[in-house]
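Student: my questions are about this predicted structure, shown below with the sequence.
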Amino acid sequence: MGKDVTDLTRWAREHVTWFGQSAFRIRGSQTVVFLDPFRVPPSAGPADLILVTHPHTDHYDKKAIGGLRRESTLVVLPASCAQPGERALAAGQTETFAGVKVIGVPAYNATKRFHPASGSWLGYVIEIDGMKLYHAGDTDPVPEMSGLHPDIALLPVGGMFTMNWRLAVEAAGTIGATLAIPMHFNMLIGGRKAGERFASALGAAGLVLPRG
């Protein structure tokens with residue numbers, strides 16, 4: 001498969017499901033990955049791998065994780081908050097979980113108090129079926145994003161607790177993503193139209209997924 005924006009848009013529509021907030025399912029040929037599965041029903045699973053960016057309850061939803069989990073499921077959290085029975089990953093660390101390559105990337109607010117750099121919380125770069133995706137977590141634009149060059153970036157756009165859609169447009173360029181998908185909007189706090197504005201500003205390189 002090619003990796004121009006048309007190819008990636010088709011792949012994302014077939015393999016990536018957005019459940020609102022920052023919750024996604026990525027369905028690979030061998031592995032099903034969930035990221036921040038907030039309010040995701042058990043029927044969406046089971047999961048082979050669950051990646052949680054930080055311990056806030058709209059990202060670390062223990063009830064949803066329990067419903068998606070089976071005995072072999074791996075649950076990964078930042079090393080700063082991982083609990084017994086969970087795998088830990090630190091910023092800059094690369095590990096393979098359930099056959100998926102995962103890299104920890106710092107995620108934090110540059111000037112706000114909600115997600116301090118001292119929390120050592122994460123976004124994740126994952127490589128699955130030859131695709132490289134970046135889930136940024138709850139973050140502002142940060143230097144560690146520069147030059148990641150994922151095929152697909154999943155970026156928060158709602159403002160308040162994260163970057164807003166305008167800053168996310170700039171971040172997409174800094175990251176070097178071919179296709180960018182907005183998240184963390186129109187649920188709880190976050191601009192209702194932020195995703196559409198973000199995608200419109202990027203043109204063909206922006207894609208708003210329907211809620212799964």
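Tutor: Looks like it arrived, so ask away.
Student: quick one, grab the pLDDT at Glu71.
Tutor: Looking at Glu71, its pLDDT is 96.
Student: tell me, how many residues neighbour it?
Tutor: For Glu71, the number of neighbouring residues by other CB atoms under 10 Å comes to 5. Every residue, glycine included, has its C-beta placed from N, CA and C.
Student: what ranges does the protein have for its strands?
Tutor: Defined through DSSP state E, the strands belonging to the chain, from first to last, are 16-18, 24-27, 32-35, 49-51, 74-78, 87-89, 94-97, 100-106, 122-128, 131-135, 152-156, 179-183.
Student: I'd like those written out as CSV, with distance to Ser146 added.
Tutor: Formatted as CSV, the entries for the strands of the chain read as follows, by distance: least, CB to CB, whole Å:
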stretch, distance to Ser146
strand 16-18, 24
strand 24-27, 23
strand 32-35, 22
strand 49-51, 22
strand 74-78, 21
strand 87-89, 20
strand 94-97, 18
strand 100-106, 11
strand 122-128, 13
strand 131-135, 12
strand 152-156, 13
strand 179-183, 15
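Student: can I get these in JSON lines with mean pLDDT?
Tutor: Converted to JSON lines, these look like this (pLDDT from 0 to 100):
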{"stretch": "strand 16-18", "mean pLDDT": "98"}
{"stretch": "strand 24-27", "mean pLDDT": "98"}
{"stretch": "strand 32-35", "mean pLDDT": "98"}
{"stretch": "strand 49-51", "mean pLDDT": "98"}
{"stretch": "strand 74-78", "mean pLDDT": "98"}
{"stretch": "strand 87-89", "mean pLDDT": "98"}
{"stretch": "strand 94-97", "mean pLDDT": "98"}
{"stretch": "strand 100-106", "mean pLDDT": "98"}
{"stretch": "strand 122-128", "mean pLDDT": "98"}
{"stretch": "strand 131-135", "mean pLDDT": "98"}
{"stretch": "strand 152-156", "mean pLDDT": "98"}
{"stretch": "strand 179-183", "mean pLDDT": "97"}
